[in-house]
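J.: The sequence and its predicted three-dimensional model are supplied below.
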Amino acid sequence: MALQGRNKYKISLTAVLHDEVEYPFSLANFDKYVRKEHSEENLEFFQAISRYRERAAKVYPSVNSSLRSRRTTSHGSVRSISSAFASQASLGASPNGPSRERIGGAASEEAIDAGERDKLKDEVDKLVALYVVPGAEKEVNVPATLRKKLMIEVNDKKNYHPDIFKPVEQHVYLMVRYFCGGGF
């Protein structure tokens, strides 16, 4: 029995975002699509945070540079991204957001070289200014509560661990997925 419509391909948005599929579902084609629909900031945000995560993994050894996890079922794309973006509770976070000490793992704040810390701070500041603050050039649509928690982590707690972006990443991912009509 042939599958109908978009379900016959079983392509996950995660695979598309990691450029693991070919035409017509390639990352390049997806990029063209989001640009045509005037929502490229979401894809650009996701890619910028992925690059930051890779660079920060050198400073924070406990960081997994990829947010991928194994697919466990035919509907694994939903479960894989949900498990990849672990809930704040499983991160050992306080209700006010991720804890630097617990999220930082092996690299405590004292162990981070001042120069590396400044580089991370500069990069986080650029990401926040470009994508997160209200009125930003490429502002992503996130709830004020997520925006506020991220800003507290960055500005008040001076936390530059890439996991501080996970709640915002998850929200953007789900919006992109919804935007695509749930076809991924």
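T.: Arrived safely.

J.: helix, strand or coil for Glu123?
T.: State at Glu123, reduced to three classes by DSSP: H, G, I helix; E, B strand; the rest coil: helix.

J.: what about the nearest residue to it once chain neighbours are set aside, helix or strand, and which?
T.: In this structure, Glu123 finds its nearest non-sequential neighbour in Tyr52, 5.8 Å apart by Cβ to Cβ, 6 or more residues apart in numbering. Glycine gets a C-beta too; all of them are placed from N, C-alpha and C. Counting by DSSP states H and E, the element that carries Tyr52 is helix 40-56.

J.: Same check on Pro167?
T.: helix 166-179.

J.: helices or strands up against that helix?
T.: For helix 166-179, the contact count by 3 or more Cβ pairs under 8 Å, 6 or more residues apart in numbering; DSSP states H and E identifies helix 13-17, helix 40-56, helix 144-151 as packing neighbours.

J.: Deepest-packed of these, please.
T.: Mean neighbours per residue, mean count of other Cβ atoms under 10 Å, is largest over the helices and strands packed on helix 166-179 for helix 13-17, with a mean of 21.

J.: Tell me if I'm right that the residue nearest to Glu123 and Leu127 touch.
T.: Yes - with contact defined as Cβ atoms under 8 Å, Tyr52 and Leu127 form a contacting pair (6.3 Å).

J.: The helices and strands packed on helix 166-179: lowest mean pLDDT?
T.: Note on the helices and strands packed on helix 166-179: lowest mean pLDDT is at helix 13-17, with a mean of 85.

J.: For Glu169, see how far away His38 is.
T.: His38 sits 21 Å away from Glu169, going by Cβ to Cβ, to the nearest Å.

J.: Many thanks, I have nothing further to ask.
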